Each structure stands twice: as C-alpha cells, then as structure tokens.
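>>> sequence first, predicted model second:
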Amino acid sequence: MDLPDSAPPPAPPAAPRLRLRVAAAAETALRGGHPWLFADRIHDQNRPGQLGELAVIYDRKDRFLAVGLFDPESPIRVRVLHSGKPQALDAAWWVRHLGAALEGRGGLFDAQTTGYRCLNGESDGWPGLVLDRYDTTFVLKLYTAAWLPRLEEVGALLRARLAPERLVLRLSRNSQETARSRFGLTDGQILFGPALAGPVIFRESGLRFEAEVLRGQKTGFFLDQRENRRRVESLAAGREVLNAFSFSGGFSLYAARGGARSVTDLDISAHALESAARNFALNQDQPAVAACRREAVQAEAFGWLAEAPQRFSLIVLDPPSLAKREPERAAAIHAYQHLAGLGLQRLEPGGVLVACSCSAHVTAEEFFGAVRQAVRQSRRTFAELQTTAHAPDHPGRIMEAQYLKAIYLRG
C-alpha cells in the first residue's frame, strides 16, 4: 500500500547488536582481565562493525565474556570496557566508571601538586585514553581512533565531574588522519575553554613547571617521573648533579631545591634546554634553587659522557625510549648497559647513579640486569639503594603498560 505524500519515510531498521565469538586463547586472556581483543582471535562476527560502536564478545558456547569499543581498521579490534557479568553500558554506567578511576586517586595530591594523571588508559578501564591535569587545564590523549565517535560524550562526562577550565585534545600518530578526515579534529585542538597564549603553569610538590600542552611530548610534561624526582631531591644535598637527557629540567630543579651545589642539564635539544631554563626561572623564589649554580650543555648524551672530563656526585640517566618496537629490544638492552657504564665513569667515589628506562619492550629484569652488568664491568663496588616502578597515578595493571623502571646505586 502506498503511503500518503505527507507521511514521513519509515525509519530504517536498527542494526543488530555487534556480536563477536572468539577463539579459545582469546577466551582465556579476556577472562584473565586483559583489555585487548586482536583481530586474528575473532572466530565469528555477525556483521561489519563501525568505528567506536560497542561490540559484545562471546565465548565458543555463546556465553558473555566482555564488551568494548570496536575499531575495524586496528589489529586491536576491540578495547574492552567491561568483562565478567553482562551489564548495560548506559549513561549511569559511564558516570560510575569515571568515578571509580578518579576516586582511586583520592588523597594522593594536595594543593602543592596540581599536575597529575587522572585516567591511565587500560590500567584504569579506559583503554587507549589518558587524561592529565595541569592546574585548570586538562589534556585528553587518545591512542586509538575508537574513542573519536564518543568524544562529545566523554567531554560532557569530564565537564560534569571535573569542571576543567579547558580541555585539550592530543592524538597519537596512528589516529590523527582518521580524526582529521572523518571528524575534523586536529592534534592540539582545544575542545572547550579559552585559547592559550603559551605553556600552562602548574605545581608539582610545590615547584612550578610549564607544560606545553598543545604541542609538547606526551601531554606536555613527563608527569610519570614525579616520585623519582622526589627521591633525587632527597639525595642531592651538597652534590654536583648531572641530569642527562634532561628535557625540561625536572630532576635538576628538584635536586636544586634539595641543596645541590650545582646542576648540569644535558640534552641534544635547544628547545628542551630553553624550557629547563624557564622552569628554573619560575622557582627563583625558592632560596635553595636561587643558590644553586646551573649549567646547560647541548650535546648528544652518549658522546658527551664518553668524552667529558668532569665528574659528578649525582648522575641521573633518563633517556627516551630506546626500544619503541619489539625488534629493537636486544639493541636497547645493550645500549642501556653501555649508557650505565658511561655514567659510572663520570661518577665520583661515593656518588649516586640513578638509571631509568621508559621502554615497555624491555622488562624490568632485563633493564636492571643491564645496569648491574655495567657495575660489574666497572670493577667498582656499589650498593643498590632501591629499584622503582610506576607512580600511583600511573598504574600499570597489564604487562604492556609496565614501562617505567629506575635503579639507584651508590658507590
């Protein structure tokens, strides 16, 4: 029967829920709480899925396993949001989900620290998404395009719970083209709030730092090293400090406040050294910082350490990741050993060496083993003070998220 001309066209039928059935190995991983489902582990799929839609995952006997965000173009086909018993991911669920992650950080920070991580991706149940606070500016970084269709929804949740002055969007390289071509979004875009004329200033343990939230590395600052910076401060009194791969000078500024006689920032980037100088200038009201002599050296760290004539009584080695892919792991382990050996050569008797790694493809055991081997080859006696891992606002609850480690040696 023909419809009258004035009648609206019938609504298209709703697409059936996206259902995936997985292989046995994936069942085991998902039941164990792993938040990724890889494309090659999908045994059956009822229809093509759309970017960002919810995919419900079932086992071989059609029992519910998990639900997550679908990405048809990624090897990680689903990023799991919930597993265990079936649950509706409605508006109330999202509010509870955000609250659970934020409340887990309750009591960690006071007014002296206004820069920290609020959401840490997979480890907080927000796979492929991190949220960092820099005073009243919050930075949302996406490591998967699967969040892009839900960006407005996420932004509304954050505004309701955290009331940020502004929210900045940062995008990983693998999601930038999709963001631009399909959603009109760019890396460094301010999603809401006033424009920025320069870096954001925030506090960390009472020290002031600038964060380049629009274009800087990560979300604008290396918040994950806060606890190690605090430890370096406690070791710095009366020492001459070398901060190799210094970036914006965080370790140096803490050491200065801790009573270091001098600090040397060593970095290949003039831009990084300029940022470190500005951070030092921001804290000249602190007597110990004002009294500390600072030097900046622009050079490639490995070569400079091999040739520098001077020695230091506290050395921090905090290079960028030396293994960004699994095939680079063996070379990175060798490089960490070589770097530690160079640092030990520049260390005065009785000095302290702090060696760090942020390479997820190098395990803590491999990294610590490389540094310990450098100690053995130095033929010097060192006491191992401690090893450290992730800060409490940067939990690493799956193996792939466990990237940060540091070892402290005195001798």
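Arrived safely.

>>> spit out the contact partners of R372.
If a contact means CB atoms under 8 Å, 6 or more residues apart in numbering, then R372 has E384 as its contacts. In this view, the C-beta of every residue, glycine as well, is placed from N, C-alpha and C.

>>> for it, give me phi and psi.
Phi and psi for R372, reported as degrees, to the nearest 10, are phi -60, psi -30.

>>> do you know how far it is from V352?
16 Å (CB to CB, to the nearest Å).

>>> what sits against T113?
Listed by CB under 8 Å, 6+ apart, the contact partners of T113 are R203, E204, S205, G206, R226.

>>> secondary structure element for the first one?
When elements are defined using DSSP states H and E, R203 is found to belong to strand 200-204.

>>> starting at the chain centroid, how far to that strand?
Distance, stretch centre to chain centre, for strand 200-204: 17 Å (CA atoms, centre = their mean, to the nearest Å).

>>> buried set for it?
V200, I201, F202, R203, E204 (16 or more other CB atoms under 10 Å).

>>> what comes into contact with stretch 163-174?
Contacts for stretch 163-174 (CB under 8 Å, 6+ apart): 133, 136-145, 151, 155, 158-159, 179, 185-194, 196, 213-214, 219.

>>> what helices or strands is the helix or strand of the chain with the lowest mean pLDDT leaning on?
Lowest on mean pLDDT, DSSP states H and E among the helices and strands of the chain sits helix 24-31, with a mean of 93. On a contact count with 3 or more CB pairs under 8 Å, 6 or more residues apart in numbering; DSSP states H and E, helix 24-31 meets strand 36-38, strand 64-70, strand 76-83.

>>> just to revisit the earlier point, can I get the CA coordinates of the strand holding R203 in PDB?
The C-alpha trace of strand 200-204 is given here as PDB (Å, rounded to 0.1, in the frame of the first residue of the first chain):
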ATOM      1  CA  VAL A 200      50.400  26.200  31.100                       C
ATOM      2  CA  ILE A 201      52.000  26.700  34.500                       C
ATOM      3  CA  PHE A 202      51.200  24.000  37.200                       C
ATOM      4  CA  ARG A 203      52.700  22.900  40.500                       C
ATOM      5  CA  GLU A 204      54.400  19.700  41.400                       C
END
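
>>> list the pairing partners of that strand within its sheet, with orientation.
Note on strand 200-204: by DSSP bridges, its sheet partners are strand 207-211 (antiparallel).

>>> after the partner strand, next one along is what?
Following strand 207-211 toward the C-terminus (DSSP H and E): helix 226-235.

>>> got the contact list for that following helix?
If you take CB under 8 Å, 6+ apart as the criterion, helix 226-235 is touched by 113, 116, 204-205, 241, 250-251, 254-255, 257-258, 314, 316, 352, 354, 356, 386, 388, 391-392, 406, 408.

>>> just the residues you listed: which are in strands?
Those of these mapping onto strands are Y116, E204, V241, L314, V316, V352, V354, C356, Q386, T388, A406, Y408, per DSSP state E.

>>> out of the contacts of T113, who's nearest Q45?
Taking CB to CB as the measure, Q45 lies nearest R226 of these, at 43.0 Å.

>>> the helices in the stretch 101-250 of the chain, which residues?
For the stretch 101-250 of the chain, the helices defined by DSSP state H, counting those that start in this stretch occupy 151-162, 173-183, 226-235, 250-257.

>>> just for the stretch 101-250 of the chain, where's the confidence low?
Scanning the stretch 101-250 of the chain for pLDDT under 70 picks out nothing.
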